[in-house]
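J.: Provide a 3D model corresponding to the input given below.
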Amino acid sequence: MPQGGDLAFDPARTTTLYTATGDGVWKSANSGSTWRSASRGLPSGYISGIAVDPRYPTNLYAVVGVAPVPGHQYIPNGPAALYLSTDGAASWSPFAPRPRPELAEACPGS
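T.: Below you'll find the model as predicted:
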């Protein structure tokens, strides 16, 4: 199994697991017996978090470049980035949520 930090499972298929690692996202379809890389479209570097949307379990979110791990690349002094997969981690793209003016109003100075 890859050395991971964050672990998430598919609520519709509980044998499907995802882990965030210093080497990307990994996926298991058999309760963790075997793992395969699921990082197509993610930048190389440390993946610090992974989450499955409980309403739409083929949608996953990955946080890239937050916490450094010795021996792994990360984005030095750079912002964290959020990536979205809509196909069960087969591919990833940058996630840019729809602007929400009410949030800007709630956070003056941002």
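J.: residue boundaries of the helices in the chain?
T.: 101-106 (DSSP state H).
J.: All the strands of this structure, in order from the start?
T.: For the chain, the strands defined by DSSP state E occupy 4-9, 17-21, 24-28, 36-37, 47-52, 60-64, 81-85, 93-94.
J.: Provide the contact partners of the first one at residue level.
T.: Contacting residues not belonging to strand 4-9 are listed as 16-21, 26, 47-52, 60 [CB atoms under 8 Å, 6 or more residues apart in numbering]. All C-beta atoms are positioned from the backbone trio N, CA, C, and that covers glycine.
J.: need the helix or strand of this structure with the lowest average pLDDT.
T.: helix 101-106 (a mean of 48; mean pLDDT, DSSP states H and E).
J.: just to revisit the earlier point, identify the farthest-apart pair in the contacts of strand 4-9.
T.: Within those, 16 and 48 form the most distant pair, 20.8 Å apart (CB to CB).
J.: which one is residue 12 nearest to, not counting chain neighbours?
T.: residue 57 (4.6 Å; CB to CB, 6 or more residues apart in numbering).
J.: That neighbour and residue 11 touch, don't they?
T.: Yes - counting by CB atoms under 8 Å, residue 57 touches residue 11, with 5.6 Å between them.
J.: Between these two, point out the one with more neighbours.
T.: Neighbours per residue (other CB atoms under 10 Å) separate residue 57 from residue 11, with residue 57 holding more: 16 against 12.
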